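Novice: Sequence plus predicted model, see below.
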There are 2 protein chains.
Amino acid sequence: MVGSRAEEMVKRLREMQNATPEIEASAVVSVDGLTIASALPSNVEEDRVSAMSAAMLSLGERIATELNRGMLDEVYIHGDDGYVILSAIGTEAVLTALAREKAKLGLVFLEMRRAAEDISQLID
Amino acid sequence: MVGSRAEEMVKRLREMQNATPEIEASAVVSVDGLTIASALPSNVEEDRVSAMSAAMLSLGERIATELNRGMLDEVYIHGDDGYVILSAIGTEAVLTALAREKAKLGLVFLEMRRAAEDISQLID
């Protein structure tokens, strides 16, 4: 990945987080679990986010296929302390965001879809 | 499981589906992937729903813990042909629903939470 592209992705991730402060952390991860770009606070481990994203994406795709839900688009996991949300970027990568418990989900999804669309232009 | 309890659960699942016709299929599954009760159309395999639910629940719990999101509450998978939604019933079971692409998610979650609450009384 050319340096400037990765920088542009990080910039786009930061813009998303500024627009939606309930998103605490975000990363672009390849389907094989490697980080492409990330905007994470120091208490969130990049490798952990990437590994979990790839595992989730892989199982999500399998389940969507097995239960006839078509091509995977989004996955979300809601715990009592917040959300992990994955939004597919084409077929090769995923945008992962960690959001606070109080997040307005509709807004988070809207901002994530916009960011995923912009980032897909940078990956192609 | 006493027969009448399983029957009551099936009845509650059917009520949920009647209240929210976008929910096409639903089941109560134990954390180890065994079906406790189900209301599935003939084209949906019970074993497949149960196996996928248990796999999703297991990974969802792991991810919620690893990424500090607390105890798992809900998981959803959105494909371009619809949704798979899991809602925890206590710590031993999960309510899984398959919903159509056009489903109003807020309504689906509301009905699922109500059903999960009622069903948790039948499991205890």
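Specialist: In hand now; what should we look at?
Novice: Flag every residue of chain A that's near chain B.
Specialist: With C-beta under 8 Å from any C-beta of the partner chain as the criterion, chain A meets chain B at residues A:44, A:48-49, A:52, A:55-56, A:59-60, A:62-64, A:66-84, A:98, A:101. All C-beta atoms are positioned from the backbone trio N, CA, C, and that covers glycine.
Novice: now, which of those residues lie within strands?
Specialist: By the criterion of DSSP state E, membership of those in strands covers A:72, A:73, A:74, A:75, A:76, A:77, A:78, A:79, A:82, A:83, A:84, A:98.
Novice: which ones are touching residue A:12?
Specialist: Contacts were defined as C-beta atoms under 8 Å, 6 or more residues apart in numbering or on different chains; by that measure residue A:12 touches A:115, A:118, A:119, A:122.
Novice: and the third one, what element?
Specialist: Element membership of residue A:119, judged by DSSP states H and E, is helix A:105-123.
Novice: Just want the angle from that helix to helix B:105-123.
Specialist: Relative orientation of helix A:105-123 versus helix B:105-123 (axes from the mean of the first three to the mean of the last three C-alpha atoms, to 10 degrees): 120 degrees.
Novice: mean confidence for helix A:105-123?
Specialist: Summarised as a single mean, pLDDT over helix A:105-123 is 94.
Novice: Now residue A:79. Nearest residue, chain neighbours left out?
Specialist: Here the nearest residue to residue A:79 in space, its sequence neighbours aside, is residue B:69; by C-beta to C-beta, 6 or more residues apart in numbering or on different chains that works out to 3.3 Å.
Novice: So what does the one you found have for phi and psi?
Specialist: Dihedral angles of residue B:69 (phi, psi; degrees, to the nearest 10) stand at phi -100, psi 10.
Novice: neighbours around it, how many?
Specialist: A count of neighbours around residue B:69, defined by other C-beta atoms under 10 Å in any protein chain shown, yields 23.
Novice: List the residues that contact it.
Specialist: A:77, A:78, A:79, A:80, A:81, A:82, A:83, A:84, A:98, B:63.
Novice: will you turn the residues you listed into TSV that also has neighbour count, pLDDT and distance to residue B:12?
Specialist: Shown next, in TSV, are those (neighbours: other C-beta atoms under 10 Å in any protein chain shown; pLDDT from 0 to 100; distance: C-beta to C-beta, whole Å):
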residue	neighbour count	pLDDT	distance to residue B:12
A:77	27	97	25
A:78	26	96	22
A:79	23	96	25
A:80	12	94	24
A:81	14	96	29
A:82	21	96	29
A:83	24	97	27
A:84	26	97	29
A:98	22	97	34
B:63	25	96	29
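Novice: List just the nearest of these to residue A:24.
Specialist: Residue A:24 has its nearest neighbour among the contacts of residue B:69 in residue A:98, at 5.1 Å by C-beta to C-beta.
Novice: how near is the residue lying closest to the closest one once chain neighbours are set aside to residue B:71?
Specialist: Distances taken as C-beta to C-beta, 6+ apart place residue A:25 nearest to residue A:98, at 4.3 Å, with adjacent residues excluded. Residue A:25 is 20 Å from residue B:71, where distance means C-beta to C-beta, to the nearest Å.
Novice: Among these two, which residue is more densely surrounded?
Specialist: The residue with more neighbours, out of residue A:25 and residue B:71 and counting by other C-beta under 10 Å, is residue A:25; that gives 20 against 12.
Novice: residue ranges with poor pLDDT in chain A?
Specialist: Scanning chain A for pLDDT under 70 picks out the ranges A:1-3.
Novice: what is the orientation angle of the longest helix along chain A with strand A:72-79?
Specialist: Taking DSSP state H as the criterion, chain A has its longest helix at helix A:46-66. For helix A:46-66 and strand A:72-79, the angle between their directions (the same axes, to 10 degrees) works out to 120 degrees.
Novice: helices or strands up against helix A:46-66?
Specialist: Contacts of helix A:46-66 with other secondary structure elements, assessed using 3 or more C-beta pairs under 8 Å, 6 or more residues apart in numbering or on different chains; DSSP states H and E, are made with strand A:23-30, strand A:35-39, strand A:72-79, strand A:82-89, strand A:93-100, helix B:46-66, strand B:72-79.
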